[in-house]
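1. Compute the structure for the input listed below.
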Amino acid sequence: MRAWLVDRWGEPEEMRLAEIEPPNAGPDQLRIRVHAAGVNFFDILQVQGKYQIKPPFPFTPGAEIAGVVEGTGQRVMAFPQQGGFAEACTAPAGRVFPIPNEMPFGEAACLLVYHTSLFALQKRAALARGEWLLVHAGASGVGMAAIQIGVGIGARVVATAGSAEKLDFCRAQGAQHAIDYTDATWVDRVKEITGGLGADVIYDPVGGDVFDQSTRCIAPEGRLVVIGFAGGRIPTIAVNRVLLKDIAIVGAVWGGYAFRNARYMAEAHDELIRLYAEGAIRPIVSRRYKLEDAVAALRALADRKVAGKAVIEID
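-> The predicted model follows:
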């Protein structure tokens with residue numbers, strides 16, 4: 001079968017597409033014929049050696065897939081942790097979930113960002129109906145998911161993005177307000193929109209200056225949820241600001257929590273499938289690539305050219 005291999009830390013262009021033997025499913029594993037694989041920012045970090053999980057060489061990137069279980073033909077999506085950029089991969093049976101017949105494989109391979117956002121907003125931030133939710137990088141995969149889930153909860157959603165096209169994308173997902181974060185006045189705009197109080201919950205996958213500025217437009221008793229550091233710089237904060245503003249800085253590492261709490265992943269998946277069936281969430285796949293074009297998919301994501309999700313599709 002064909003699979004992308006990483007032999008050393010580097011850029012996506014240094015990966016190689018190779019013919020290898022299909023992986024053997026071990027105990028409590030399933031082998032899945034991959035029809036679609038989601039492309040995520042952490043895939044780039046893992047190729048570069050900058051992600052917290054560093055698998056031994058050679059390895060195949062790709063942590064969310066959708067396809068068919070070999071031997072049964074069941075349509076599923078799965079979180080293999082790695083190995084998804086290939087024609088087949090294995091995944092622990094506990095991280096493999098059925099998908100409805102009406103869900104295309106391309107959309108099913110995008111559910112990881114919904115798991116992340118549901119965990120962050122529901123379990124970590126306790127977002128409530130009527131609260132103001134500020135979603136940074138609203139046109140990204142996790143941003144798209146956060147907007148849709150926030151709207152479903154009944155929050156009033158403000159999103160930030162960096163271009164007119166991406167702002168329109170945020171509005172199309174349900175954001176009531178969309179702000180260009182390249183405008184130096186975006187903090188003032190958030191305060192103006194929220195009646196001077198600021199956002200009750202801030203969803204931040206960017207870090208860096210965006211995190212720093214977010215502490216200026218968070219409401220008293222607000223929760224600033226740290227999702228990641230796509231902006232590159234890991235920020236710090238003077239804890240006296242946390243004290244004086246009565247705010248909470250909340251980490252949201254979905255994978256760590258889900259792997260420590262075996263039932264949570266399945267329960268969250270069932271809820272997401274219900275929301276999908278109701279039309280409350282719908283992954284937007286804006287770019288589709290063939291397996292041989294995986295490098296181009298990762299480069300487009302790295303260059304901020306993807307709104308919503310990019311997926312690799314395999315016949």
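2. ok, residue 164 to residue 192 distance?
-> Distance check for residue 164 against residue 192: by Cβ to Cβ, to the nearest Å, it reads 20 Å. Where C-beta positions appear, they are placed from N, C-alpha and C, glycine not excepted.
3. repeat for residue 153
-> For residue 153 relative to residue 192 (Cβ to Cβ), the value is 23 Å.
4. which of the two has more neighbours?
-> Shown here are residue 153 and residue 192; by other Cβ atoms under 10 Å, residue 153 has more neighbours (19 against 12).
5. ok, the spatially closest residue to the more buried one that is not a sequence neighbour - contacts?
-> Using Cβ to Cβ, 6 or more residues apart in numbering and skipping residues adjacent in sequence, the residue nearest residue 153 is residue 127, 5.5 Å away. Applying Cβ atoms under 8 Å, 6 or more residues apart in numbering, we find residue 127 in contact with 121, 133, 150, 153, 155, 200-201.
6. do you know how far residue 127 is from residue 32?
-> Counting by Cβ to Cβ, the gap from residue 127 to residue 32 is 33 Å.
7. One more: residue 69?
-> 6 Å.
8. what is in contact with those two at once?
-> 76, 96.
9. ok, those two, which is more surrounded?
-> Neighbour totals were compared for residue 69 and residue 32, and residue 32 leads with 26 against 19 (other Cβ under 10 Å).
10. Correct me if wrong, but that one is in a strand.
-> Yes - looking at residue 32 with DSSP: H, G, I helix; E, B strand; the rest coil, it is inside a strand.
11. Show me the helices in this protein, by range?
-> With DSSP state H, the ranges of helices along the chain come out as 41-48, 105-108, 111-118, 141-153, 164-172, 186-193, 208-214, 239-245, 254-260, 262-278, 294-302.
12. out of those helices, nearest to residue 27?
-> Nearest to residue 27 among the helices of the chain is helix 262-278 (16.2 Å), distances taken as Cβ to Cβ.
13. which residues sit against that closest one?
-> Counting by Cβ under 8 Å, 6+ apart, 79, 94-95, 97, 99-100, 103, 111, 114-115, 118-119, 149, 152, 257-258, 281-282 sit against helix 262-278.
14. hmm, try it at 6 Å
-> 97, 114-115, 118, 258, 281 (Cβ atoms under 6 Å, 6 or more residues apart in numbering).
15. for stretch 308-315, same thing?
-> Applying Cβ under 6 Å, 6+ apart, the external contacts of stretch 308-315 come out as 34-39, 87, 106, 109-110, 141, 144, 283-289, 291, 294, 297, 301.
16. Buried only: go through the residues you listed for me.
-> Listed as buried from the contacts of stretch 308-315 are 34-39, 87, 106, 109-110, 141, 144, 283-287, 289, 291, 294, 297, 301; burial here means 16 or more other Cβ atoms under 10 Å.
17. Of the helices of the chain, flag the one that's most buried.
-> Ranked by mean neighbour count, those are led by helix 141-153 with a mean of 26 (mean count of other Cβ atoms under 10 Å).
18. Show me what that helix is packed up against.
-> helix 111-118, strand 132-135, strand 156-161 (3 or more Cβ pairs under 6 Å, 6 or more residues apart in numbering; DSSP states H and E).
19. and the first one, average pLDDT?
-> For helix 111-118, the mean per-residue pLDDT is 96.
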